[in-house]
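>>> coordinates only, sequence not included:
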């Protein structure tokens with residue numbers, strides 16, 4: 001598995017056999033797309049990686065407006081995930097305080 005795929009799968013908690021929905025249309029994602037083209041530094045950070053089906057991946061590669069829309073949709077999803085992790089952390093800290 002390529003590094004960028006591992007980064008994406010780990011962030012969203014997906015296993016190799018899980019159904020991963022395309023972030024744009026909801027069908028099965030088969031590609032992890034680099035929103036900004038991959039470069040020498042391998043910009044494999046979660047903000048730059050979006051799970052797409054083949055059709056949406058082809059469209060993102062050929063249509064810069066669609067690619068920008070993919071970025072917006074993806075960043076919203078990343079924010080939801082980050083806020084969920086923050087809330088979970090707060091709840092864990094509250095539970096620890098109650099135990100001690």
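Received the coordinates, thanks. Treat the numbers as computed from the prediction; the structure is a model and nothing was measured.
>>> packing partners for the lowest-mean-pLDDT helix or strand in the chain?
Ranked by mean pLDDT, DSSP states H and E, the helix or strand of the chain with the weakest confidence is helix 64-99, at a mean of 91. Applying 3 or more CB pairs under 8 Å, 6 or more residues apart in numbering; DSSP states H and E, one finds that helix 64-99 makes contact with helix 3-12, strand 49-52, helix 54-62. For every residue, glycine as well, the C-beta is placed using N, CA and C.
>>> show me the one of those that comes nearest residue 93.
helix 3-12 (21.9 Å; CB to CB).
>>> helices and strands around the following helix or strand past the closest one, which ones?
Note on helix 3-12: by DSSP states H and E, the next helix or strand toward the C-terminus is strand 31-34. Applying 3+ CB pairs under 8 Å, 6+ apart, we find strand 31-34 packed against helix 3-12, strand 49-52, helix 54-62.
>>> go through the first one and flag the buried ones.
To tie it back to what came earlier, the one meant is helix 3-12. Neighbour counts using 16 or more other CB atoms under 10 Å place 4, 5, 7, 8, 9, 11, 12 of helix 3-12 among the buried residues.
>>> which pair of the residues you listed spans the longest distance?
Farthest pair in these, by CB to CB: 4 and 12, 13.0 Å.
>>> about what we covered before: quick one: closest of the helices and strands packed on strand 31-34 to residue 25.
Ranking those by proximity to residue 25 (CB to CB) places helix 54-62 first, at 5.8 Å.
>>> just the angle between the closest one and helix 64-99, please?
Per axes from the mean of the first three to the mean of the last three CA atoms, to 10 degrees, the angle that helix 54-62 makes with helix 64-99 is 110 degrees.
>>> average pLDDT across helix 54-62?
For helix 54-62, the mean pLDDT works out to 97.
>>> tell me the buried residues in it?
Those would be 56, 57, 59, 60, for helix 54-62 by 16+ other CB under 10 Å.
>>> so who does the second one touch?
Residues counted as contacts of residue 57 (CB atoms under 8 Å, 6 or more residues apart in numbering) are 30, 31, 33.
>>> which residues does the second one bridge with?
Per DSSP bridges, the residues bridged to residue 31 are residue 52.
>>> how about the buried residues of helix 54-62 in TSV, adding distance to residue 78?
Below are the buried residues of helix 54-62 laid out as TSV (distance: CB to CB, whole Å):
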residue	distance to residue 78
56	17
57	18
59	21
60	16
